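S.K.: model this:
(chains A and B)
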Amino acid sequence: MSLRTPLGRALGLGSAKDGTSHWWSQRVSAAALAILGPWFVFALIGLDGFDFETVSMWLRAPLNAILMIILVATLFYHSSLGVQVVIEDYVHDSGNKVVSLVLAKFLHLFVAVVGIFAVLRISFGA
Amino acid sequence: MATDNRPLSPHLQIYRPQITSVLSILHRITGVFMSLGALLLAYWLLALASGPVAYADALGILGSGPVMVLLFGLSFCFFYHLCNGIRHLAWDAGWGFELPQVYASGWAVVIASFLLTLGFWALLLVGGGAA
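M.R.: As a prediction, this is how the structure comes out:
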């Protein structure tokens, strides 16, 4: 039994039951990517070439490795949130919807971890 | 409850395209393309982590003609989604909702995306030589 009033329990939840958290997460990750994206673009422009030595030396620098890990994590998080909405909008059959939502989440997490693992392996000098 | 015979809203195809609706769906399309393109970023990083030989192979694939065209398209998607995303964040903050402002910011996004894409590739090719 809850001591909260029915109104208090319902406020902010809406019909989706999770309130505005998805909306906020999408915006906050967007704001982060609006900084991280241009950082990556300028980094690419600043590289003296794309050969193995140049790129791995660049990515071994701690700040670059840290920002790249944050970029990969934020990018795939933001992508996961966006793809989720696209699936919710266009996949109408509820069974297919649940399966594709779960697959999309798994895939995003998997590729994000692959990317982060790769950055760590480069910066710790495999 | 009968679900047939209900009035339908007019089909999308019969609407005259407007900059508002076109830019809106373009935001979603560029987002989905970049979700796929993010696989290339992970592939590039993984190749780099796998050593010089694997990386040289990956660079051969990423630097090949068709993939470079794909990367050019992806870079446009990135700059468009970035510019239009900032436009969306401004709307979320309550700015720029008057119709003339919406049109002006829309065209600004289109022009900026093209300029940024071309500028990026110009600097990239002049600076390091993407090949």
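
S.K.: quick check: mean pLDDT across stretch B:36-49?
M.R.: Averaging pLDDT along stretch B:36-49 gives 97.

S.K.: Could you confirm whether that stretch reaches chain A?
M.R.: Yes. Using C-beta under 8 Å from any C-beta of the partner chain, we find that stretch B:36-49 touches chain A at B:38-39, B:41-42, B:45-46, B:48-49. The C-beta positions use only the backbone N, C-alpha and C, and glycine is treated the same way.

S.K.: any residues touching that stretch, and which ones?
M.R.: A:52, A:55-56, A:59, A:68, A:72, A:75-76, A:79, A:111-112, A:114-115, A:117-119, A:121-122, A:126, B:54-55, B:57-59, B:62, B:70-71, B:74, B:77 (C-beta atoms under 8 Å, 6 or more residues apart in numbering or on different chains).

S.K.: Just the pLDDT at the most centrally placed residue in chain A, thanks.
M.R.: Nearest to the mean C-alpha position of chain A, by C-alpha atoms, centre = their mean, lies A:Y77 at 1.6 Å. At A:Y77, the predicted lDDT confidence score is 98.

S.K.: Look at it and tell me its secondary structure.
M.R.: Secondary structure, DSSP: H, G, I helix; E, B strand; the rest coil: A:Y77 is helix.

S.K.: With A:N96 instead?
M.R.: Per three-state DSSP, A:N96 ends up helix.

S.K.: What separation is there between it and A:V111?
M.R.: Distance, A:N96 to A:V111, by C-beta to C-beta, to the nearest Å: 22 Å.

S.K.: circling back to that earlier point, let's see which of the residues of stretch B:36-49 next to chain A end up in helices.
M.R.: Those of the residues of stretch B:36-49 next to chain A mapping onto helices are B:38-39, B:41-42, B:45-46, B:48-49, per DSSP state H.

S.K.: Any chance of a ChimeraX selection covering the buried ones in the residues of stretch B:36-49 next to chain A?
M.R.: Here is the ChimeraX command that selects the buried residues among the residues of stretch B:36-49 next to chain A (16 or more other C-beta atoms under 10 Å in any protein chain shown):
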select /B:38,41,42,45,46,48,49
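
S.K.: would you turn the residues of stretch B:36-49 next to chain A into a markdown table with distance to A:V83?
M.R.: A markdown table is the format used below for these (distance: C-beta to C-beta, whole Å):
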| residue | distance to A:V83 |
| --- | --- |
| B:A38 | 10 |
| B:L39 | 12 |
| B:L41 | 16 |
| B:A42 | 15 |
| B:L45 | 20 |
| B:L46 | 21 |
| B:L48 | 26 |
| B:A49 | 25 |
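
S.K.: In the helix or strand B:V126 falls within, which residues are buried?
M.R.: Per DSSP states H and E, B:V126 falls inside helix B:99-127. The neighbour-count check on helix B:99-127 (16+ other C-beta under 10 Å) flags B:102, B:105-106, B:109-110, B:112-113, B:116-117, B:120-121, B:124 as buried.

S.K.: Could I get the full set of strands for chain A?
M.R.: Under the criterion DSSP state E, chain A carries no strands.

S.K.: Which positions in it make contact with chain B?
M.R.: Near chain B, when you scan chain A using C-beta under 8 Å from any C-beta, you find A:27, A:30-31, A:33-34, A:37-38, A:41, A:44-52, A:54-56, A:59, A:68, A:72, A:75-76, A:79, A:82-83, A:86, A:111-112, A:114-115, A:117-119, A:121-122, A:126.

S.K.: Of the residues you listed, keep whichever come out buried.
M.R.: By 16+ other C-beta under 10 Å, the residues of chain A next to chain B give A:27, A:30, A:33, A:37, A:41, A:44-45, A:47, A:50-52, A:55-56, A:59, A:68, A:72, A:75-76, A:79, A:82-83, A:86, A:111-112, A:114-115, A:117-119, A:122 as buried.

S.K.: and the residue lying closest to A:S79 once chain neighbours are set aside, how many neighbours does it have?
M.R.: Closest residue to A:S79 apart from its sequence neighbours, by C-beta to C-beta, 6 or more residues apart in numbering or on different chains: B:S35 at 4.4 Å. The tally of other residues near B:S35 (other C-beta atoms under 10 Å in any protein chain shown) stands at 22.

S.K.: That's all I had, so thanks and see you.
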